[in-house]
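> sharing a model prediction with you, sequence too.
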Amino acid sequence: NAKRAAPRPPKPAAPTVGEVGEGLAGLDVDGASRTGRLDKYDIPVEVSGDGAPAPADGFEQAGLAEAVLRNVARCGYDNPTPVQRYSIPIVLSGRDLMACAQTGSGKTAAFCLPVVSGLVSAAEGGQGGEVGRGDRDAYDYDYRRVARPLALVLAPTRELAAQINEEAKKFAHKTGLKVKVAYGGTSMVQQQLRDIEKGADILVATPGRLVDMIERGKISLEAIKYLIMDEADRMLDMGFEPQIRKIVDGMGMPRKSVRQTMLFSATFPPEIQRLASDFLSKYIFITVGRVGSSTDLITQQVEFVTHDEKRTYLIDLLQKQSFTSSDGKPQQPLTLVFVETKREADSLRYWLYNKGFPATAIHGDRTQEERESALRSFKSGLTPVMVATDVVARGLDVPNVAHVINYDLPKSIEDYVHRIGRTGRAGNAGSATAFFTESNHPIAKGLLELMTEAKQNVPTWLEDYAGKPFYGGSSFGGRGRRSNGDGGSSFGGRDYRGGGDYSGYSGGAGGGRSYSGGSGDRGDRYSSGGGGKSYSGGGGGGRYSSGGGSSRESDPPPRYYPSYPMGTSNISASGWD
Ligand SMILES: Nc1ncnc2c1ncn2[C@@H]1O[C@H](COP(=O)(O)OP(=O)(O)OP(=O)(O)O)[C@@H](O)[C@H]1O
């Protein structure tokens, strides 16, 4: 890591949005040429839990309300993605759900659509006429405005909350439902509050901000019918759990037998499943996609480097993938570079700027306005390289991210799965490159399993690393609760409750029902169908031309350490993205 913050360099002349747009036209910058095949797939799905309804073949067949179907059409969704096919009927039937599905596979709509539909139907059916109740019914005894949302979506970051809010608004268009958002750190907080005071049927919030608003008497959870935790494993990991428990158990929310609760993520380690089940009642568990399947869409490479070589390698990668726009200017496809620290994010960003690569940075020490502006500038292509910490590792849906570079690898394989999942979304292809140093030894086993499952080329040195013990602290980055072994089963995507107790089906592994394929479209996998672009290192020879393996494949593996205090397998949810 850089020890000093680099001095602020003079700004190179950034290309205009128009220039970038033009330059990236051939790289699908506006998504116009997307042909991601979300509708066609051959994908294993496992369902466990009593009485799961059958999956729906289409949005109409799923039983969504008319108004919602109109909104689905407005969004241009022709067919439900696999997770939507399964989740929508389950949620509409009133069941609790824990759903584990690939990054970029449409989980947001998988919970938003049935929730909006359920609220619309309840209002139409006269079951309380709740829709829009915020403005009719929201005064408490001392005449303060109190919002009483019917659905609460919790998300771990502000950016994700903002994104879900936008999506939910689309699905609730012209239904009369009010969708509002609450997150901190922005000058918009007062505006958000005023908005919420006007009534909220669906509230999307980050936990800390929500607790604050409840404590200030602005929001009551008493009317909640639906509780959704997006990125649920993250929400229950590390710092969020106490706040989540407070929200769910201590702030007036209806009991779990009364409300309907849904948890979604691409990764679900067994230990977190166990915790999460506290919040659920007789739930159905689904996993969509085989172990590691999201990564089928993503060409993964891993390069063994020393710390000091990272910047040279990065520049090399950026140069190789740059292309020339019609007016002769060098351009970059959208590239997300993950680093470990906020300081490194700034330092690397300035350094890249100095080298002539328009880059921005996003991390937790930047103000919310700066974060939002960085994201806008990245999305627009004005700064096609964004250096980021894990703050944008989860959930963020930026179309056309072509390449994710793990400049610093994360501590856990789940974080890796989420990070690389910022590309290869909605059935499109993407590329991911990781710089592996000796200090990343603890993640080697998880990485090997993940890459193998995704049928990626695995360098032999990674296999060697994975097979050898390492010495030193936990590989869990402080996630001590996952330190118990998982019996060698590295994948957290299977229902931790295990076999027949919950299944009622005979076909599936672990007693669950197992589906594979859909619509007889074998061979037409849930993949890009050739429509996406892959920027896997240029293929022009040199260090990055090994087609997924490492150019140092034949190098002797670096030295190993003697003991093996804690396996990596127990944190690995390698396949369940
Ligand atoms: N049925 C559909 N047809 C076409 N596109 C869809 C469909 N459902 C979702 N999408 C698009 O797919 C993209 C990814 O969806 P979303 O962000 O919900 O993924 P996710 O599963 O939540 O990913 P992550 O695990 O990274 O949070 C979005 O751009 C969304 O608009």
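In hand now; what should we look at? Computed from a predicted structure; not experimentally measured.
> show me the shaky parts of the stretch 351-500 of the chain.
471-493, 498-500 (pLDDT under 70).
> tell me how many other residues surround the closest residue to D390 other than its chain neighbours.
Spatial nearest neighbour of D390, excluding adjacent residues (C-beta to C-beta, 6 or more residues apart in numbering): D415 at 6.2 Å. Quick note: C-beta positions are derived from backbone N, CA and C, even for glycine. Using other C-beta atoms under 10 Å, D415 has 22 neighbouring residues.
> what about D415, is that helix, strand or coil?
What DSSP: H, G, I helix; E, B strand; the rest coil gives for D415 is helix.
> wait, A374 sits on I362?
Yes: between A374 and I362 there is a contact under C-beta atoms under 8 Å: 4.5 Å.
> shared neighbours, these two?
Counting by C-beta atoms under 8 Å, 6 or more residues apart in numbering, the common neighbours of A374 and I362 are M386.
> ok, the closest residue in space to K310 that isn't next to it in sequence - contacts?
In space, and not counting its chain neighbours, K310 is closest to F435: 5.3 Å by C-beta to C-beta, 6+ apart. Listed by C-beta under 8 Å, 6+ apart, the contact partners of F435 are E303, V305, K310, Y313, L314, I405, N406, Y407, D408, L409.
> if we use 6 Å, what do you get?
E303, V305, K310, Y407 (C-beta atoms under 6 Å, 6 or more residues apart in numbering).
> by neighbour count, which of those wins?
Going by other C-beta under 10 Å, E303 tops the contacts of F435 with 25 neighbours.
> let me know the secondary structure of L314.
helix.
> wasn't R245 part of a helix?
Yes: with three-state DSSP as the criterion, R245 is part of a helix.
> how close does it sit to L154?
R245 sits 12 Å away from L154, taking C-beta to C-beta, to the nearest Å as the criterion.
> who has more neighbours, these two?
L154 (25 against 14).
> tell me which residues touch the more buried one, please.
So L154 contacts P207, M229 (C-beta under 6 Å, 6+ apart).
> mind pulling up the pLDDT for it?
pLDDT for L154: 97.
> from E231, how far out is it?
From L154 to E231 the distance is 9 Å (C-beta to C-beta).
> tell me, what's touching those two both at once?
With C-beta under 6 Å, 6+ apart as the test, L154 and E231 reach no residue in common.
> if we can go back for a sec, can you give me phi and psi for the residue nearest to K310?
According to degrees, to the nearest 10, the main-chain angles of F435 amount to phi -100, psi 120.
> cool, and T452?
Dihedral angles (degrees, to the nearest 10) for T452: phi -70, psi -50.
> with adjacent residues omitted, what lies nearest to it?
Going by C-beta to C-beta, 6+ apart, T452 has V458 as its nearest residue, at 6.0 Å.
> burial measure for that neighbour, as a count.
22.
> is L203 in a helix, a strand, or coil?
strand.
> show me how the record splits this protein into domains.
45-123+144-288, 298-323+330-467 (the TED database).
> relative to D495, which of the ones you listed is closest?
With C-beta to C-beta as the criterion, D495 lies closest to domain 45-123+144-288 of the domains of the chain, at 4.0 Å.
> spell out which parts of the stretch 351-500 of the chain neighbour the ligand.
G395, D397, G421, R425, A426 (C-beta under 6 Å from any ligand atom).
> between the residues you listed, which has the most around it?
Neighbour-wise, these (other C-beta under 10 Å) top out at G421, 29 neighbours.
> where's the nearest residue to that residue once chain neighbours are set aside, which helix or strand?
Distance criterion C-beta to C-beta, 6+ apart; nearest residue to G421, sequence neighbours excluded, is T103 at 2.4 Å. T103 belongs to no helix or strand when assigned by DSSP states H and E.
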